[in-house]
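K.L.:
pasting the sequence and the predicted model now:
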Amino acid sequence: MAALRRLTPLWMRFILHCCIAGAGLLFALNAHALDRERNLAQLHHTAWTARDGAPSQVRALAQTSDGYLWIGGATGLFRFDGVTFERYDSIGGSQLPSPNVTALLATREGDLWIGFRNGTVACLRDKTLQVYSGKDELPPDIVFGFAQDHDGAIWAGTARGLVVREGKRWKTVGVVQGFPEGERARVLGVDRTGTLWAAGIEKLLFLPRGEQVFRDTGQRLNDAAQIAQDAAGRHWIAETARAVRPLALASSGRVGKDEEIWVGSQAITFDRDGGLWIATVGDGLRRISHPEQPKPASRVEVFTQANGLSSDLLIAALEDREGNLWFGSDKGVDRFRHGDVVPVSIPGGHAGFTLMAGEGGDIWAASFSARPLLQIRGNAVIPHAQVVNIDSAYRDPVGAIWWPGYVGLWRYYQDRFVLMPWPAGVRGGDWFLHTLHGDGSGGLWADIGGHGFKHFRDGKWEDTTPGGYPAGATSAVFEDTQGRVWLSTLPDRLHRIEGGKTHTYTSEQGPQVGRVMAIGGRGPHLWVAGELGLALYHQGRFSKIVSAKNDTLGSISGLVETASGDLWLSDVQGAIRIPAAEVSQVLANPTHPVRYRRFDYLDGLPGAPQMAPTNFTVAEASDGRVWFATDNGLAWIDPNRLHHNPLPPPVYLHAVEVDGRPFLPGALLQLPVGAQQLRIAYAALSLSIPERVRFRYRLEGVDQGWQDAGTRREAIYTNLRPGHYRFRVLAANEDGVWNTQGAAMEIQIPPPFYLTSWFLTLCVLVGAGLLWLIYLRRLRVMEARLQARLAERHLERERIARELHDTLLQGIQSLILRFQAAIEKLPVKEPARIAMEGALERADDVLSEGRDRVQGLRAAAAPVSDFPQALASVGADLMHDAAPNFQMRVEGTQRPLDPLVHDEMFGIGREALINAFNHAQAGTVTLELHYGAKALRLCISDDGRGIATEVLAAGVRPGHWGLAGMRERAARIGATLAFRNGVATGTEVELQVPAKIAYRPAVAGWRGWFGRMGKDQ
């Protein structure tokens, strides 16, 4: 302890203390204490026992900074979120050292210290459990309690002494520090000044902040269990074997006997409004709302098991961050909280209430069960001797209230009842009063079942039926500010009586609310409520009111528009408040969807709102409170003191299940491959009304917007695709205050192997390979078919060549020989001979050209892979028959050619060589073949006489088709063909074929083998 204080500089401790005080002040401002002016029966109480999953034999309570309520006892350690009790046998993989918890402390840092009966201590920090035992210098006996001083040190009181944790070790506090060494330290606490209080068996000691030695108060104790400080600074002690009493310290003076509450107690606490709560050992719960006033023992309230407490044996007490009071008993857990609806206990036998406002905030309640009239003043319910049996009453303009009874009408005015007997012929017990209302001139009308309307004026009855009044039993009546009387009759008719005339609204013309059950309003407008909703009559027309919520307004049995402008309704689900601002908007625009708040059993409403056929089930008292009749008594709401919870609830991801297997929620959740169902449980820590905590969640990557979960505390997703997701959940407390930060978790779903990138890439590669192989196979098949077609083509050409040689050429040769023989017989100078010799020379040329063509037809296709050799063979053959010399150059790496390209290029090259050898009169013919990366180039040139300019310009020689045929061949393979005369003399023919057309793809290895499979097709 001293070491800790020495290590902390004074200025740092001052700042820390200011922060703590500021945080405490802010916390107090944000919290709402329980109303001290209400008795215990008027607070909202809930008890949880074993049938609700709550632990029994509770010994300690604590609320950690995350909002969870921790409960410790002989049955283990539990955590409560307001809905579910969770038992903890281990935390973060570490087993609790014992199932018997005796002490709990929630620190300012968010840690939870746990004490056990076997003397061990555990600290829960960030989901990690650290256990301390005797080897850590802890006494081996029961831990009674903990305290955290203002310097952050943790103290523990045990059955064998007091210890303090300094740094990372426990230190025993002994005689040197002024505490009896080894003596039981059961009482332990720190007050607002930072003073540490501790009690042994009989002595009460205290250690002022900054000092090192305990001081003795001089107080003698009788089995003390707890110490607490009230709002005035006085210290109170709870003794198990004596009483709860303020301490007679030097600062507080003498304590009188009338200040001691003689009950045994082990736990006391002061709420934020200063009230003292006492958990007794066997006598239930005690409360003193104003302990600062004289003689507090004379103002003790009692709440026991007979009132609904889980047990009369209470051991632990706690006020949570929202101002709720919690108590741990031997049978469960109890909570007291604020309720906006305050129930009022009514004597038995009363039912079917009719409510009327009295003077000074009083409320009058009558029933049709022949019971005494009740006057409620403050918290007192005063029965009157006047027995009434009614479902209607009337308050006249002067303030007198008229009540129908068995013997007549009771008029209550200025604290006095006056009886007005019924008219002749009306006997008590054989009648039923439907309505009672004024006539606008000081009298009143009574609709008496079986007797019709009776008029009462100037103290006597008149047997006169009002003009224009509808026949039939009325279900509701109201006299508006303009003197008009509104009546409803069964089944769904509404009537307006004005100036002695009646206007009836049918179901189509009227409010369309079914059977009318209540009529009311202030000013020129009117509200009509019934079994099917609420309608507004304004400016001469009815408008059905619509709700801004998902639910509907229906089965409304009572209404009142208050002086503040609010509209209060009583419907089958509870009490409804439509604020004055919403009322104004509806009056301006009747189609405006109204926003409202509903009050039900969670707010303290006792039972369901009364739906019985009485005219006044809702009333506004003169003090502004609004009263409601229910099937279980009466209740009131003070609109000026409605509770508002400003604290947004902390939100946590509670549990995760994937296909039924639990996973720990964290910042990143890695799901297994193939996960089918994801279940996420979440919680929001608002312990006041957890039943009204609302949630909305969103799984980014799946949900387009926020999903409104209502009060459901889990989200389920199925068949999620592999990928990355982000789950977010938000929550709002009972008053709609949202925690917009919420909780979030990243979720990663890995893909199965067949959806991984490497597998998909492999599939793409394999698919591409298969397509490539199919392409190559198809290419081989097409090549084989092309080769077959080329072979057939060459065979056909050879056949044609043979036919031409054996017929046409042989015939021409024979004719030439015969003409030659005939010419030889003519004289040399004969002109005819000269002409015939010229014709024979021309015939020789034709025969020579015919032989060339036949030779071209008979030329066999060279192997596709030996294109240069094929051209070289043509040049060599021609050189034997003619004078020119032949030269050939090949450049680049020789590559296989496409069969069609090979055939057409060979034809073009052969034709160019024949022309050069036979017609150029050249000395040398040169052939150049260049295998380039972008194109295959073939160039044939000579040094002869060249081509005539007009032939180059025309592109053909008249009467000859060689050049045209070469161009056609080039066009078929997408090649470029050019004819040029040389620089000096001669002709140059150049052919260029793009590489992607000319070359056949090289295929090797297994791909070549697969491609060659097509050759057999």
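P.N.:
Perfect, thanks for sending it.
K.L.:
all strands for the stretch 851-1000 of the chain, in order.
P.N.:
With DSSP state E, counting those that start in this stretch as the criterion, the stretch 851-1000 of the chain has strands at 885-891, 924-931, 935-942, 976-981, 987-994.
K.L.:
quick one: which of these has the weakest pLDDT on average?
P.N.:
Lowest mean pLDDT of these: strand 976-981, a mean of 90.
K.L.:
output that one as PDB, restricted to C-alpha atoms.
P.N.:
Extracted in PDB, the C-alpha atoms of strand 976-981 (Å, rounded to 0.1, in the frame of the first residue of the first chain):
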ATOM      1  CA  THR A 976       1.300  -9.300-101.600                       C
ATOM      2  CA  LEU A 977       2.600  -9.700-105.200                       C
ATOM      3  CA  ALA A 978       4.700  -7.000-107.100                       C
ATOM      4  CA  PHE A 979       6.200  -6.900-110.600                       C
ATOM      5  CA  ARG A 980       9.100  -4.400-111.200                       C
ATOM      6  CA  ASN A 981      11.700  -3.800-113.800                       C
END
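K.L.:
shift numbering so it begins at 51
P.N.:
From this message on, residue numbering opens at 51, which makes the last subject strand 1026-1031.
K.L.:
partners of that strand in the sheet?
P.N.:
Its sheet considered, strand 1026-1031 pairs with strand 1037-1044 (antiparallel) by DSSP bridges.
K.L.:
contact partners of the strand it pairs with?
P.N.:
With C-beta atoms under 8 Å, 6 or more residues apart in numbering as the test, strand 1037-1044 has contacts from 951, 955, 958-959, 962, 965-966, 970, 984-992, 994, 996-997, 1016, 1020, 1023-1032. For glycine as for every other residue, the C-beta is placed from the backbone atoms N, C-alpha and C.
K.L.:
change it to 7 Å
P.N.:
951, 955, 958, 962, 966, 970, 985-992, 994, 996-997, 1020, 1023-1032 (C-beta atoms under 7 Å, 6 or more residues apart in numbering).
K.L.:
quick one: buried ones out of those?
P.N.:
951, 955, 958, 962, 966, 970, 985-992, 994, 996-997, 1020, 1023, 1025, 1027, 1029 (16 or more other C-beta atoms under 10 Å).
K.L.:
which residues touch the spatially closest residue to Asp370 that is not a sequence neighbour?
P.N.:
Spatial nearest neighbour of Asp370, excluding adjacent residues (C-beta to C-beta, 6 or more residues apart in numbering): Gln113 at 5.0 Å. If a contact means C-beta under 7 Å, 6+ apart, then Gln113 has 119, 156, 368, 370-371 as its contacts.
K.L.:
what about stretch 186-201, average pLDDT?
P.N.:
94.
K.L.:
in it, what counts as buried?
P.N.:
188-189, 192-201.
K.L.:
out of those, list just those in strands.
P.N.:
Secondary structure assignment by DSSP state E places 193-198 of those in strands.
K.L.:
okay, the residues you listed in TSV with distance to Ile626 next?
P.N.:
Converted to TSV, these look like this (distance: C-beta to C-beta, whole Å):
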residue	distance to Ile626
Val193	51
Phe194	50
Gly195	47
Phe196	47
Ala197	48
Gln198	46
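K.L.:
what's the helix or strand for Pro712?
P.N.:
strand 711-713 (DSSP states H and E).
K.L.:
follow-up on the earlier one: what's the closest of the strands of the stretch 901-1050 of the chain to Leu719?
P.N.:
strand 1037-1044 (58.8 Å; C-beta to C-beta).
K.L.:
centre of the chain to that closest one, how far?
P.N.:
75 Å (C-alpha atoms, centre = their mean, to the nearest Å).
K.L.:
likewise stretch 190-206?
P.N.:
41 Å.
K.L.:
that stretch: end-to-end distance?
P.N.:
13 Å (C-alpha to C-alpha, to the nearest Å).
K.L.:
Gln937 bridge partners, please.
P.N.:
Gln937 forms beta bridges with Thr976, as assigned by DSSP bridges.
K.L.:
quickly list the domain ranges of this protein.
P.N.:
The chain breaks down into these domains under automatic domain parsing: 52-107+156-167+186-389, 393-691, 701-801, 806-910, 914-1060.
K.L.:
which ones are touching Asn272?
P.N.:
289, 291-292.
K.L.:
and the pLDDT at it?
P.N.:
pLDDT, read off for Asn272, is 86.
K.L.:
show me what counts as buried in stretch 815-833.
P.N.:
Neighbour counts over stretch 815-833 (16+ other C-beta under 10 Å) mark 823, 826-827, 829-831, 833 as buried.
K.L.:
lowest-confidence entry in those residues?
P.N.:
Glu833 (76).
K.L.:
give me the nearest residue to that one, chain neighbours excluded.
P.N.:
Pro949 (6.0 Å).
K.L.:
strands of the stretch 501-650 of the chain, start to end?
P.N.:
With DSSP E, counting those that start in this stretch as the criterion, the stretch 501-650 of the chain has strands spanning 502-507, 510-512, 524-529, 535-539, 543-548, 551-555, 566-570, 576-580, 583-588, 591-594, 606-611, 617-621, 624-628, 647-649.
K.L.:
mind putting these into TSV with distance to Arg776, mean pLDDT and mean neighbour count?
P.N.:
Shown next, in TSV, are the strands of the stretch 501-650 of the chain (distance: least, C-beta to C-beta, whole Å; pLDDT from 0 to 100; neighbours: other C-beta atoms under 10 Å):
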stretch	distance to Arg776	mean pLDDT	mean neighbour count
strand 502-507	71	84	17
strand 510-512	78	86	14
strand 524-529	56	85	22
strand 535-539	57	87	24
strand 543-548	56	88	20
strand 551-555	57	88	14
strand 566-570	51	92	26
strand 576-580	47	94	27
strand 583-588	43	95	22
strand 591-594	44	93	16
strand 606-611	45	94	25
strand 617-621	41	96	26
strand 624-628	38	96	23
strand 647-649	34	95	19
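K.L.:
would TSV of these with distance to Gly942 be doable?
P.N.:
Formatted as TSV, those follow (distance: least, C-beta to C-beta, whole Å):
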stretch	distance to Gly942
strand 502-507	125
strand 510-512	134
strand 524-529	111
strand 535-539	110
strand 543-548	108
strand 551-555	107
strand 566-570	106
strand 576-580	102
strand 583-588	96
strand 591-594	94
strand 606-611	101
strand 617-621	98
strand 624-628	96
strand 647-649	93
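K.L.:
and Ile862, which of those strands is closest to it?
P.N.:
strand 591-594 (115.4 Å).
K.L.:
could you tell me the model confidence score at Phe418?
P.N.:
76.
K.L.:
wait, it touches Ile440, no?
P.N.:
Yes. The criterion here is C-beta atoms under 7 Å, and Phe418 meets it with Ile440 at 5.8 Å.
K.L.:
the more surrounded of the two?
P.N.:
Neighbours around Phe418 and Ile440, counted as other C-beta atoms under 10 Å, are more numerous at Ile440. The numbers are 25 against 21.
K.L.:
got the contact list for that one?
P.N.:
404, 416, 418, 453-454, 483.
K.L.:
same question for Trp511.
P.N.:
473, 504-505.
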